[in-house]
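*Asks:* Sequence and predicted structure, then a few things I'm wondering about:
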Amino acid sequence: LFLLKKQEIVNFRSFAEDYINAGGSLEQGFVNLLPSKDVQKNQTNKGFLQNKNEELDQEEKKINEINTEDSGFKSQVHNLIKEYEKKGTNFQDSDFKHELSSICELEQHKYISYFKEAVWKRPHEILEVGYDQIKLFDGIEPNDILQGGLGVCYMLSSLSSIAEYPTRLRKIFVNNNANSKGVYGLRFFDDGVPIELVIDDYFPCDPETNGPLFSQPKGNELWAMLAEKAWGKLFKNYTAAEAGWNSEAYENLLGCPSRLYSIEDETEDETFERLTHADKNKFFMGASTKSEVDEKKTGLIQEQDRKS
């Protein structure tokens with residue numbers, strides 16, 4: 001299980017360097033990063049810890065400011081939209097081109113033949129509606145995620161759990177609405193540092209069905225498809241992002257540390273107690289299974305309605 005909470009945001013590298021310089025050990029530094037009662041009782045480095053707690057509070061405030069509409073986060077998106085409005089055309093991302101290399105670079109991939117036939121289409125071509133009917137968000141819900149043929153369930157399930165809190169999910173996106181120029185920005189994190197990934201709104205599609213090869217649209221909204229595309233761009237191509245852990249998705253999507261628990265080491269009551277505690281404290285939670293788990297028997301995987 002992967003659990004994380006915004007209040008635990010830390011800059012570990014800076015903390016560790018300062019801690020060692022102050023006479024502490026790296027092992028103690030790890031301990032002091034956690035909200036431990038033992039640390040609170042540690043009088044030896046009381047003054048140092050108090051200062052570091054104040055610094056961490058300031059760091060969290062900075063991150064909160066970045067994730068607000070009126071923050072100092074410098075985005076390219078709005079200027080690009082204006083630029084392409086003047087040009088009278090739509091944006092095409094030269095860093096993530098509409099070609100096979102942006103989908104897959106492995107000739108041995110089991111779906112490479114389908115990838116080679118892919119055609120890149122924009123939302124109005126996929127949905128067959130005008131741009132005035134296309135939305136970035138049309139009510140955010142966990143079941144907005146409709147996975148396609150890409151093995152990024154770890155990232156999509158993390159997005160689904162974040163969608164329980166629509167306000168937090170919206171902060172991942174620079175845009176508030178869909179735009180006909182096809183310019184979108186998403187805020188991810190690299191080692192806790194916010195970065196912006198700018199993408200266009202072309203998606204690889206099946207030439208016969210006209211539908212996306214990967215995440216499917218829920219109604220006429222785009223956020224899940226755009227998030228998956230930005231995730232693919234982060235890895236240089238879609239399939240390079242396949243297979244991973246919820247923990248890395250959470251850390252890249254939210255900039256927060258995460259915790260991993262193996263439920264094999266716990267009783268059912270202990271696991272239930274942990275989940276209940278996490279839920280009450282509004283932690284984001286995700287779960288992974290072993291490949292040999294009987295998904296149908298356990299009920300962990302359910303058939304999704306692709307028609308919605």
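*Replies:* Thanks, I have the structure now. All values derive from a computational prediction rather than experimental measurement.

*Asks:* Which strand or helix spans the most centrally placed residue in the chain?
*Replies:* The C-alpha lying nearest the average C-alpha coordinate of the chain belongs to residue 253 (CA atoms, centre = their mean; 3.4 Å). Using DSSP states H and E, residue 253 sits within helix 246-254.

*Asks:* list the buried ones in that helix?
*Replies:* By 16 or more other CB atoms under 10 Å, the buried positions in helix 246-254 come out as 246-247, 249-254. Where C-beta positions appear, they are placed from N, C-alpha and C, glycine not excepted.

*Asks:* so, if you compare those, which one comes nearest to residue 234?
*Replies:* Minimum separation from residue 234 among the buried residues of helix 246-254 (CB to CB) is found for residue 252, which lies at 7.2 Å.

*Asks:* doesn't residue 192 make contact with that closest one?
*Replies:* No - in this structure, residue 252 is not within contact of residue 192 by CB atoms under 8 Å, at 10.1 Å.

*Asks:* one step back: got the CA coordinates for the helix holding residue 253 in PDB?
*Replies:* Coordinates of the C-alpha atoms in helix 246-254 are reproduced here as PDB (Å, rounded to 0.1, in the frame of the first residue of the first chain):
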ATOM      1  CA  ASN A 246       2.100   3.900  -7.300                       C
ATOM      2  CA  SER A 247       4.800   5.400  -5.200                       C
ATOM      3  CA  GLU A 248       6.700   6.900  -8.100                       C
ATOM      4  CA  ALA A 249       3.400   8.100  -9.700                       C
ATOM      5  CA  TYR A 250       2.400   9.900  -6.500                       C
ATOM      6  CA  GLU A 251       5.800  11.500  -6.000                       C
ATOM      7  CA  ASN A 252       5.900  12.800  -9.600                       C
ATOM      8  CA  LEU A 253       2.200  13.900  -9.600                       C
ATOM      9  CA  LEU A 254       2.200  15.500  -6.200                       C
END
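
*Asks:* average pLDDT for that helix?
*Replies:* Helix 246-254 comes out with an average pLDDT of 92.

*Asks:* I'd like the next helix or strand past it.
*Replies:* Proceeding N to C from helix 246-254, the next assigned helix or strand is strand 259-260, under DSSP H and E.

*Asks:* who does that following strand touch, helix- and strand-wise?
*Replies:* The criterion is 3 or more CB pairs under 8 Å, 6 or more residues apart in numbering; DSSP states H and E, and the helices and strands that strand 259-260 contacts are strand 2-4.

*Asks:* list the helices and strands the helix holding residue 253 packs on?
*Replies:* Of the remaining helices and strands, those touching helix 246-254 by 3+ CB pairs under 8 Å, 6+ apart are strand 2-4, helix 153-162, strand 184-190, strand 284-286.

*Asks:* Any idea how far apart the tips of stretch 204-221 sit?
*Replies:* 17 Å (CA to CA, to the nearest Å).

*Asks:* Could you do stretch 264-271 as well?
*Replies:* Stretch 264-271 has its terminal residues 9 Å apart, counting by CA to CA.

*Asks:* Can you get me a residue count around residue 222?
*Replies:* The burial metric for residue 222, expressed as a neighbour count using other CB atoms under 10 Å, is 26.

*Asks:* Check what pLDDT the nearest residue to residue 111 once chain neighbours are set aside gets.
*Replies:* Sequence neighbours aside, residue 149 is the residue nearest to residue 111 in space, at 6.3 Å (criterion: CB to CB, 6 or more residues apart in numbering). Predicted confidence (pLDDT) for residue 149: 91.

*Asks:* Now name the helix or strand holding residue 149.
*Replies:* Counting by DSSP H and E, residue 149 is part of no helix or strand.

*Asks:* Repeat that for residue 230.
*Replies:* helix 223-234.

*Asks:* now the strands for the stretch 101-250 of the chain?
*Replies:* For the stretch 101-250 of the chain, applying DSSP state E, counting those that start in this stretch gives strands covering 119-121, 184-190, 193-199, 203-205.

*Asks:* Could you identify which of those strands is most buried?
*Replies:* Among the strands of the stretch 101-250 of the chain, strand 203-205 has the highest mean neighbour count (mean count of other CB atoms under 10 Å), at a mean of 24.
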